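Enquirer: Here is my input, please return the structure:
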Amino acid sequence: MARALAAVVLVWAGTAAAQGWYEPERGSADRRGIMNAMRPQAEVIFGPPVEFVVGGLRVAGDVAFAMVSAQRPGGTAIDIAATPGWQSGYFLPDADWTGGQAFFRRTATGWVATEVVFGATDVWWAEPMYCAQFRPVIAEVCP
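Expert: Sure, this is the predicted structure:
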């Protein structure tokens with residue numbers, strides 16, 4: 001799993017200009033809006049407060065895709081066994097629990113997270129149903 005995700009991240013690095021998406025800069029309104037749209041779902045799983053280390057963030061028009069790692073403010077690791085997600089059985093035993101991916105749409109009032117997954121054990125976003133809506137930000141995994 002980790003190798004597959006690493007390969008996807010490496011492919012990302014070389015495709016921005018060719019695909020027409022951009023990565024919002026740290027501190028930008030888009031970056032804050034996207035991370036804030038994802039935070040409520042993360043806090044349901046991990047308990048508050050949660051901040052993100054961004055591994056990849058793509059925006060093209062009114063759609064976005066993020067790859068993040070969740071942590072506590074200041075860089076403290078999340079104690080997975082003490083989270084609501086662990087207690088409810090959300091996490092699979094072999095998952096990278098704090099690794100997450102999400103799709104977003106820009107609305108008149110800001111960014112909305114439409115799909116958020118933490119602890120995936122596969123490349124769940126490489127599905128035709130996501131390609132139909134989010135191809136501009138995930139083109140390399142779409143047929």
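Enquirer: which non-adjacent residue is nearest the spatially most central residue of the chain?
Expert: Among the residues of the chain, the one closest to the centroid is residue 101, at 2.6 Å (CA atoms, centre = their mean). Leaving aside its chain neighbours, residue 101 sits nearest to residue 67 (5.2 Å; criterion: CB to CB, 6 or more residues apart in numbering). Where you see a C-beta, it was placed from the backbone N, CA and C, and this is true even at glycine.
Enquirer: Next up, phi/psi of that neighbour, please.
Expert: Main-chain torsions, residue 67, degrees, to the nearest 10: phi -120, psi 120.
Enquirer: Is the nearest residue to residue 61 once chain neighbours are set aside within a helix or a strand, and which one?
Expert: What sits nearest to residue 61 in space, not counting adjacent residues and going by CB to CB, 6+ apart, is residue 136, at 6.5 Å. Taking DSSP states H and E as the criterion, residue 136 maps to helix 128-138.
Enquirer: List the buried residues of that helix.
Expert: The neighbour-count check on helix 128-138 (16 or more other CB atoms under 10 Å) flags 130, 134, 136, 137, 138 as buried.
Enquirer: who's in contact with the third one?
Expert: By CB atoms under 8 Å, 6 or more residues apart in numbering, the contact set of residue 136 is 19, 20, 21, 60, 61, 63.
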